[in-house]
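Q: here is my input; please provide its structure:
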Amino acid sequence: MSNLIQSISTELRRGTLTLAVLSQLRTPQYGYSLVQLLEGSGIPIDQSTLYPLLRRLEKQELVSSSWDTSESRPRKYYVLSEFGVEVFLQLKKEWIANSKELYNLLKGEEDDVLN
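A: I've put the predicted structure just below:
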């Protein structure tokens, strides 16, 4: 049963990671800074998950990237494109509405299960 719960939990989390990443790219971030921001908000993300997600978001034209070579170690920065901002705002609105609906649906379920 724990494998099933873990599998379903991973599915739920996968969908939320995209929104979480988009939410942090209103200002330019490089990979490690993005990991730190997300982890600081209680959303752990592996770099092996983050970088493919960033590449996909860039391919979908939601995010653009550029290299900063002014430091001794070059860093690739990611930021929302104009299209990405529009999509993020719409997804955020849908997430909030869905969360409220799901909360209302589940509210009281815990009491029913425990009694």
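
Q: who does the helix or strand hosting residue 52 touch, helix- and strand-wise?
A: Assigned by DSSP states H and E, residue 52 belongs to helix 47-59. Helix 47-59 makes packing contacts with helix 2-24, helix 31-40, strand 63-68, strand 75-80 when contacts are defined by 3 or more Cβ pairs under 8 Å, 6 or more residues apart in numbering; DSSP states H and E. From N, CA and C alone the C-beta is placed, and that goes for glycine too.

Q: now do the buried residues in the last one.
A: The reference is to strand 75-80. Buried residues in strand 75-80, defined by neighbour count with 16 or more other Cβ atoms under 10 Å: 75, 77, 78, 80.

Q: run through the bridge partners of the last one.
A: Using DSSP bridges, the beta-bridge partners of residue 80 come out as residue 63.

Q: for the first one, same thing?
A: With DSSP bridges applied, residue 75 shows beta-bridge pairing to residue 68.

Q: if I look at it, how far off is residue 44?
A: 21 Å (Cβ to Cβ, to the nearest Å).

Q: again with the last one
A: Distance check for residue 80 against residue 44: by Cβ to Cβ, it reads 22 Å.

Q: go on, residue 53?
A: Note on residue 53: its distance to residue 44, by Cβ to Cβ, is 14 Å.

Q: likewise for residue 18?
A: Distance from residue 18 to residue 44, counting by Cβ to Cβ: 15 Å.

Q: neighbour count for those two, which is higher?
A: Between residue 18 and residue 44, counted using other Cβ atoms under 10 Å, residue 18 has the larger neighbour count: 16 against 10.

Q: quick check: that one vs residue 53, distance?
A: Spatial separation of residue 18 from residue 53 under the definition Cβ to Cβ is 7 Å.

Q: buried residues, stretch 83-95. List them.
A: In stretch 83-95, residues buried by neighbour count (16+ other Cβ under 10 Å) are 84, 87, 88.
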